[in-house]
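1. generate coordinates for the sequence data below:
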Amino acid sequence: MSQPRQLPFIALVLSLSLAHVTNAAEPPADVLFEKDVVYGKAGDVELKLDLSRPKNPSGKQLPCILVIHGGGWKGGDKSGHQDMTWHFAQKGYVSATVGYRLAPKHQFPAQVHDVKCAVRYLRAHADKYGIDPRRFGAIGFSAGGHLSMMLGTTDASAGLEGDGGWPDQPSQVQAVVNFFGPTDLAAEDIPPAVLGILSDFLGGSKTDKPEEYRKGSPLTHVSPGDAPMLHLQGTKDPLVPHTQVYRIIDAMTKHAVPGRAEFILGAGHGWGPPELQRTMAISQAFFDQHLRPKAQAAGTGASNGASRGG
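-> Next comes the predicted model:
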């Protein structure tokens, strides 16, 4: 399995380089940016995030969006999405790009523990950063999309909180945007070349680790009251089959979880302009709808259940 693992991993990293909103090297003048904020600790590992917020916020408490990088749970870096947090800050959000422990040295549920700890940290420091603790969103790409969905579908009852810090705070978010992240890790149509990535993440094959594959799948946790979710997926993705989206939107429909799905016909594992700008605009509108009070009140009932939009 060692040879087929490398190509999809490289494809993940290269495709995720497309997921930038701008090419800016420095934060805009109207954005306050803090790098390497320690949000928790896992053993002797310090967990860090990069935080952006408006320099002159329009309100005392703003919604917060976490941006979670991909890379097969074993690569990638939070710094790759700093510019996206600057974009969100300019739109009136506090935003953090989150670093987390990587496989295979750190296997599931370490990555879920870490992103949940980041949410708890930001809620615990809501006054310091001007965050409304009731309004959190998460957006992620590939493995980051998976982790974002885990934030939207699990609360403390799932047993995935970890002990990184701030245990008195909830970790579930209120809106999720998933760019081509896997929803069912035990699905029969997972491409063979991806099985090694999953094995590194979950500690073995689905035959060896059936409970990890079940518990590590966002699909397992979908239930009434979960965060609204927007799914964006290419129909020719060689790593995450678009059938993964069918599975989770059927579960969302069953449990009356709001949201929608859009398939980009012919797209692979990531896409560039002009689809990138269009799908990012859709993502922004989705967060505005569900995390801003006026927009949320106006949009109540507009997305009643998931749809297979195109």
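
2. hey, let's count contacts and neighbours off CA atoms from now on
-> Fine.

3. does the closest residue to residue 155 other than its chain neighbours lie in a helix or a strand, and which?
-> For residue 155, the nearest residue in space outside its immediate sequence neighbours is residue 172; the separation is 5.4 Å by C-alpha to C-alpha, 6 or more residues apart in numbering. Assessed by DSSP states H and E, residue 172 sits outside every helix and strand.

4. residue 172 and residue 186: what is the separation?
-> The span separating residue 172 from residue 186 equals 23 Å under the rule C-alpha to C-alpha, to the nearest Å.

5. who's more crowded, those two?
-> Set side by side, residue 172 and residue 186 give different neighbour counts by other C-alpha atoms under 10 Å, the larger being at residue 172 (25 against 19).

6. follow-up on the earlier one: quick check, the residue nearest to residue 155 in contact with residue 154.
-> Yes. Between residue 172 and residue 154 a contact is recorded at 6.2 Å, counting by C-alpha atoms under 8 Å.

7. quick one, what contacts residue 77?
-> Under the criterion of C-alpha atoms under 8 Å, 6 or more residues apart in numbering, the neighbours of residue 77 are 69, 99.

8. distance of it relative to residue 39?
-> The gap separating residue 77 from residue 39 is 16 Å, by C-alpha to C-alpha.

9. what is the mean pLDDT for the helix or strand encompassing residue 219?
-> Following DSSP H and E, one finds residue 219 within helix 218-221. Across helix 218-221, pLDDT averages out at 98.

10. which element follows it toward the C-terminus?
-> Elements were assigned by DSSP H and E; along the chain past helix 218-221, the next helix or strand is strand 229-234.

11. which residues are contacting that next one?
-> Residues external to strand 229-234 that are found in contact with it (C-alpha under 8 Å, 6+ apart): 149, 152, 175-180, 242, 245, 257-270, 279, 283, 286.

12. can you name the residues in contact with stretch 237-249?
-> Contacts to stretch 237-249, defined as C-alpha under 8 Å, 6+ apart, come from residues 8, 180-184, 189-191, 194, 218-219, 222, 231, 233-236, 260-261, 263, 267-270, 306-308.
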